[in-house]
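**Student:** From the sequence below, what's the structure:
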Amino acid sequence: MEPGLFVVATPIGNLNDISFRAVEILKSVDFILCEDTRISSRLLKHYSIKNELVSFNAKSEERKTSKIIERIKSGETCALISDAGTPTISDPGVRLINQLLKNKLKVTGIPGPNAAILALSISGIPTDSFVFEGFLPQKKGRQKKLKELSQEKRTIVLYESTYRIEKLLNELNEYMPERLVVVHRELTKIYEETWRGLPKKLTGELPDKNIKGEFVIVIAPKGWTE
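**Tutor:** Prediction:
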């Protein structure tokens, strides 16, 4: 293998949702960068992958990037994975890849699962043009962003946490009450669920606020009707 970085997509829930190529690459590289070694260890153990695992998250990315570049320059190969899904999509790694490319080092993508694309594909909402916003600001700038998105003519895809899903639905009811919303919870996992309807309807449908998990929200284009 030529020295460089492999950006490897991993399952977002079901461990069987990984490509043969991804497993092969993870077994072949000299070391693997991951957000949380405890989470990634489960996947690697499942596929009997015993390569060196290096913690690489939003807090350590800037500090560790130069060392990783030096290792690759010395002839090593490296894989970047996230806790789930495709790396760098609302996850760390962009700075590292940018620096590798500036240093004319090879970066190769190994495609696979992505929660946003999966949610879009099963939403029944137009997918020919969409905007991905990831996680909205938690506090500062949140209302401004929601106001901007209320005028968006394309399909909108958001990520949201357990702690703010109720708040987000109430905000959508305020800023986009007429737009169809699809809420996906725990995609590909045991407790996968989907709710579909106008924001006001969804605020009453979600289980009584003890709902947990990872959420992907798909919002129909402005003016679109079923």
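**Student:** switch to C-alpha atoms for all contacts and neighbour counts from now on
**Tutor:** Fine.
**Student:** In the protein, mark out all the strands, start to finish.
**Tutor:** 4-8, 31-34, 52-55, 77-80, 106-110, 130-135, 155-160, 181-185, 193-197, 215-219 (DSSP state E).
**Student:** who does the first one pair up with?
**Tutor:** With DSSP bridges as the test, strand 4-8 is paired with strand 77-80 (parallel), strand 106-110 (parallel).
**Student:** Including mean pLDDT, could these go into a markdown table?
**Tutor:** Formatted as a markdown table, the strands paired with strand 4-8 follow (pLDDT from 0 to 100):
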| stretch | mean pLDDT |
| --- | --- |
| strand 77-80 | 98 |
| strand 106-110 | 98 |
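**Student:** Point out the most buried one among those.
**Tutor:** strand 77-80 (a mean of 24; mean count of other C-alpha atoms under 10 Å).
**Student:** For it, which outside residues touch it?
**Tutor:** Contact with strand 77-80 is made by 1-8, 25-26, 29-34, 72, 87, 93, as judged by C-alpha atoms under 8 Å, 6 or more residues apart in numbering.
**Student:** how far is it from where the chain is centred?
**Tutor:** 19 Å (C-alpha atoms, centre = their mean, to the nearest Å).
**Student:** hang on, the earlier thing: now the strands of the chain in CSV, with distance to Glu171?
**Tutor:** Output for these, formatted as CSV (distance: least, C-alpha to C-alpha, whole Å):
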stretch, distance to Glu171
strand 4-8, 35
strand 31-34, 34
strand 52-55, 36
strand 77-80, 35
strand 106-110, 36
strand 130-135, 14
strand 155-160, 13
strand 181-185, 12
strand 193-197, 15
strand 215-219, 13
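**Student:** List the buried residues for the least confident helix or strand in the chain by mean pLDDT?
**Tutor:** When the helices and strands of the chain are scored by mean pLDDT, DSSP states H and E, helix 199-205 comes last with a mean of 91. Neighbour-count burial for helix 199-205, counted by 16 or more other C-alpha atoms under 10 Å, picks out Pro199, Lys200, Leu202, Thr203.
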